[in-house]
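Visitor: here is a sequence with its predicted model. Questions after.
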Amino acid sequence: MSGELISVPIDVYRFDPSHDSAPRYQRYTLELPRHTPVLSALLKIRTDLDPSLSLRYSCRSSICGSCAMVINSKSRLACQTPVGPEVERHGRIVIDPMRNLPVLRDLVVEMAPFWGRYRKLEPHLIPDPNRPMPVDRENPMTPAEVERFKTTPRCIACGSCYSACPAVEHDPEFPGPMALAKLYRFVVDPRDGARQDRLVRIQAEGLWLCLRCHLCTESCPKEVEPSERIRDLKEMAIAVQGGTEHGSRHAVGFKDNIRERGILNELKLVRQTYNPLEALAQLPQGLKIARKKPETLHAPRKIEGQAEVEALYVALDDSKETP
Amino acid sequence: MKLAYYPGCVAQESGRELDQSTRWVAQRLGIELVEFPSFSCCGSGFVDEANSTLNVALNARNLALAEKAGLDLLTICSTCQGMLSLANHRLKDPAVRARVDPALAKIGVAYRGSVRVKHLLEVVTRDLGVDAIAKKVTRPLRGLKVGAFYGCHLLRPAGEVGGESGEEPRSFENLIAALGATPVLYRGRVMCCGFPILFVREGTANRIAATQIDDARAHGADALATPCPLCHISLDSFQNKAAKAVGHALDMPIFHLPQLIGLALGASPEELGLPRHLVATDAALAKIGQVSVPA
Amino acid sequence: MQRHDVVVVGAGLAGQRAALAALQAGRDVAIVSKLHPLRSHSGAAQGGINAAVGKEDSVETHIYDTVKGSDYLGDQDAIEFFCKEAGPTVVEMEHFGTIFSRADDGSLARRPFGGAGFPRTIYAADRTGLALLQALWEHLGQENLTLYEEWDLTRIVVDEGRAQGIVAFDRRRGDLAQIAAKAVVIATGPAGRIYGRTTNAHSCTGDGVAAAYRAGAFLKDMEFVQFHPTALLESSILITEGARGEGGILKNAKGERFMSRYAPHVLDLASRDVVSRAIFTEVREGRGFPGDYVHLELMHLGRERIESRLQEICDFSRNFAGIDPVTEPIPVMPAQHYMMGGISTNARGETNIPGLFAAGEAACVSIHGANRLGGNSLLETLVFGKQAGIAAAAYAEGAPTPVLRADDLDRETTAVRAMGDRTEGEEPQHLRIEMQRTMDTLVGIYRNAAELKQALAQIVALKVRYEKVRVVDRAKTYNINLTDALETGHMLALAEVIVAGAIARTESRGAHARTDFPKRDDANWMKHTLAAYSPQGPRLSYGPVAYTRWEPKERVY
């Protein structure tokens, strides 16, 4: 299975805060079979070339979550990324520490902010005081109920999603994809008594800062699909409480908006999302845009067949089942 | 080539220059755009958050209209592309079908699932091919360094765009090169523009837009081009605010995909609606020897 | 200096469960771990956790299967206690939030495992360890626990005949520190990385077991090393026994289902020692595939079943071997997997040193005897982790204030600094590789006197060379080159104990198979090996095996 060796140039981010004034990249070149995981390559560097290279690793089988790093600009597990395709695509392998977390040394980052945002969401079962757990036996749970967790139980908390997430990068209030996927896991747990509270709370605590860019889902080594679960949380949050935040008001407003004409009335959407004062604050920018694009001041046409759209709303939105 | 033309809401309203330039380019490239005045909004990702079943149903109706006409569907917006593809994908799930189909039946619509949803980028780079485009170039965009800005929903969560990897796409860059310009590779090209939270937390959205523009500039870009009018709103219409959020000037012209193609095919700035941009494209146009027209 | 009532070293399932028990008893508790708790190797356990909760099953059969699986070296009183605790333990973990797989009636789903009379293994797809680890950590997160994360244990301080605390290396700060404790619980897991071909994580280096050994604790039955029959070729990544539990079958290069020759009744689901020896024999006798391996076939189970119940296995095979188990057989070979031996304890986790406790794979109660049954190790971590925590908390309540001496720390600091100050000497990773080669080739599935003696000489020579081990990395923070050196020292000490015990035990029992002594010898060897540290090497003595109701019989599967 080894096959022939290929030459693998690896540029590794190196930084020791006690000695270095700035980070640098160090080039190592190895001869390896193409299916060699990047982690094995890094360990080979440590054994054969440079024992001073520092990184976190443990299981080498994508279950402990230690070796998340940025490999050719993508956040992923080193143990699960073979060198061959990287070299073929990029000519070399550039390895950086995870993004959005301070570097402690080389590829080792400070994980405390990651764990902190997760811990804040009370990631543990909160039993319903009115529904005590059965004595001496398990809570019943059907296979269908287990299905509702989707792939969230596969999360290994490696932090790849956190590293890839632009909302994390730009907004300290966003809990991060992993934390929200975890929250989803508790929200759908039939044993958890805090479903409602969790959904109400998260609306105000960053749920709507998700950009749905799906970079978390792309980066996840375990197919947890955090962005899909965040979407589910949004829909569930709206179902229990309606639009309470800008984000949910915008989503609900958008949905109601296109019901009227079948296409978006941009001007009206501003009023559906913002309160009058906030809308007023948007006025200067609105006028700036309208100078170039005067049609933004008028409502659009109504599509042909708007009645069909209306009928879909009647069937699927007016009497909506709780997700 | 004949396709059901799905312009999306923005191209019919604040982003009319996108519709305008699409029509110009389609005509030159021999793409017949079949109009469907009954297409509804794709939901833009927002309806999906509020009511995912409704969102699938709305798009299934759109898809069914194209199916009935025996046409594949052309989008010119990454988000429309993403939402219509997502509906196609979700409709493979029998549980989703069970909820959506009865509602569709009430309006006499049935969707079999046969319509392919294609973005203009795919049609141009894959169906026509960049070589064929290159042959039609009359005004090569020589000297212009352009960063592609794909827009999330074109790439994710599908993970593929026009048959290539969504993680490492190259089709847009290949097209830019075929038009005679120099493609700029930068991290932000596959990142988020900030638009989805422009109305949730404007400051954060602005900073995200500014980050991508700065990144592109640091890699030498003179302009960006995007296949998504929502990215265009964030990057162009709100660029002044993005600049303010990060405390420095940005001055990055943002082209819609068909505008860039149109320029290389000889269209005038007016024909492409360039004067409608909030960020002037003059500096970029000057680089290719095109005299700008006052707005 | 930090002080706590109870210091637990290791944050896997055993350590966390011990900490929880001690916290619930009202003690001030800290966990010292070289990994974040969620990175612990417990999370890599795949197949499941045994509990005889099925209607047709009984605790009695679980006891019997475990006794038989142990090749009658397990202590039957401890095994009885262990199996009786199984049901309540699994239920507790379910109440903590573990997401188990379920049967249609909503009860816990069970799958058959090797050496078990009934489908007794409760599971969470093929990531049971991860599911338990997440739930326990989430539950423990509500308690007031101190966590020393990424600290390497270097020594357990025993003074005046009792444990006084520990010395550990804080990777981030780059310095040693003392932590005083009335009671110390060792739950640092196994030392599988003594072998090169192992399913264990890189971090499984036996730090706590070696430290306890040096501190004067007995190590029990260390020569019993379990080789898992099905590890992925090359990477040795574990392919769970659950794969055979779900119906997977082993085939040799001639396409034969060879297990029919070795275990005619239960075939592929014989106990692990039996299956590993069978595979090894097939390959040795020329019926393996070129490159020395056999096939594990799942294809006949169908895509739906494979992808739903063996999701991680699918990913492992696809990512790490380029094999799709839905359409192709998985190339497997046995690899070191588990250590039946460990710090000698009773069922309360007590060692021979007052104030020192141990649990989980680091400990040896013994319930696994000469061979562990699949599904019993996750259970062991939780059952005996809890017991050790309870016992440590009770001990700490009445224990005197521990005293640690500053000059003690200085001596240790000097020794560690010396590794970094050397300009000559060997790098730890090279010594480690040599040790692994020795163990892989000479102390494997089949053993004999000549090879074992050769192995002992090599390990002893490596220990001498280790005295001049040299740390090349000059950095203070996250100097994992130093971690390499500390770990290699721990492993060399344990390797010597394994080999010495294996040489002495002139019989074949469970996982210890001597080609020169192929029979079990109950007359002379129905006893536990006990190894005590001495500067000249381990001093071996022997202790009795506890019997209650089960007479030794020949094991047939």
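Guide: Ah, there it is. Here the structure is a predicted model, which means the values were calculated and not measured.

Visitor: now for chain B, the helix or strand with the poorest mean pLDDT.
Guide: strand B:160-161 (a mean of 76; mean pLDDT, DSSP states H and E).

Visitor: what sits up against the next helix-or-strand element following that strand?
Guide: Downstream of strand B:160-161, the next assigned helix or strand under DSSP states H and E is strand B:164-165. Strand B:164-165 has contacts (CB atoms under 8 Å, 6 or more residues apart in numbering or on different chains) with B:159, B:170, B:171. For every residue, glycine as well, the C-beta is placed using N, CA and C.

Visitor: pLDDT score for the last one?
Guide: Yep, that's residue B:171 we're talking about. Residue B:171 is assigned a predicted lDDT (pLDDT) of 96.

Visitor: for it, give me its contacts.
Guide: Taking CB under 8 Å, 6+ apart as the test, what residue B:171 contacts is B:121, B:122, B:125, B:126, B:161, B:162, B:164.

Visitor: and the helices in the stretch 51-200 of chain C, which stretches?
Guide: C:59-69, C:76-96, C:128-140 (DSSP state H, counting those that start in this stretch).

Visitor: out of the contacts of residue B:171, who's nearest residue C:198?
Guide: residue B:164 (40.1 Å; CB to CB).

Visitor: burial check on residue C:519, number of neighbours?
Guide: Residues lying near residue C:519 (other CB atoms under 10 Å in any protein chain shown) number 10.

Visitor: tell me how far the nearest residue to it once chain neighbours are set aside lies from chain B.
Guide: Nearest residue to residue C:519 in three dimensions, chain neighbours excluded: residue C:508, at 6.3 Å (CB to CB, 6 or more residues apart in numbering or on different chains). Between residue C:508 and chain B the computed distance is 53 Å (CB to the nearest CB, to the nearest Å).

Visitor: contacts only, for residue C:508.
Guide: Counting by CB under 8 Å, 6+ apart, residue C:508 has contacts C:514, C:517, C:518, C:519, C:520.

Visitor: swap in residue B:250?
Guide: B:210, B:213, B:214, B:217, B:239, B:242, B:243, B:279.

Visitor: for it, what are phi and psi?
Guide: phi -110, psi -50 (degrees, to the nearest 10).

Visitor: give me the pLDDT value at it.
Guide: pLDDT, residue B:250: 97.

Visitor: separation between it and residue B:209?
Guide: 9 Å (CB to CB, to the nearest Å).

Visitor: not counting sequence-adjacent ones, nearest residue to residue C:39?
Guide: residue A:64 (4.5 Å).

Visitor: now do the SS call for that neighbour.
Guide: The three-state assignment at residue A:64 reads coil, by DSSP: H, G, I helix; E, B strand; the rest coil.

Visitor: right, and it touches residue C:42 too?
Guide: No. Applying CB atoms under 8 Å, one finds residue A:64 not in contact with residue C:42, separated by 9.8 Å.

Visitor: and the nearest residue to residue C:247 once chain neighbours are set aside, how far is that from residue A:223?
Guide: Among residues not flanking residue C:247 along the chain, residue C:301 sits closest, at 5.3 Å (CB to CB, 6+ apart). Separation of residue C:301 from residue A:223 (CB to CB): 21 Å.

Visitor: compare the two (neighbour count), which wins?
Guide: Per other CB under 10 Å, whichever of residue C:301 and residue A:223 has more neighbours is residue C:301, with 19 against 12.

Visitor: any idea how far chain B is from that one?
Guide: 23 Å.

Visitor: which residues touch that residue?
Guide: C:246, C:247, C:248.

Visitor: 10 Å - rerun?
Guide: Shown in contact with residue C:301 (CB atoms under 10 Å, 6 or more residues apart in numbering or on different chains): C:243, C:246, C:247, C:248, C:249, C:307, C:309, C:310, C:325, C:326.
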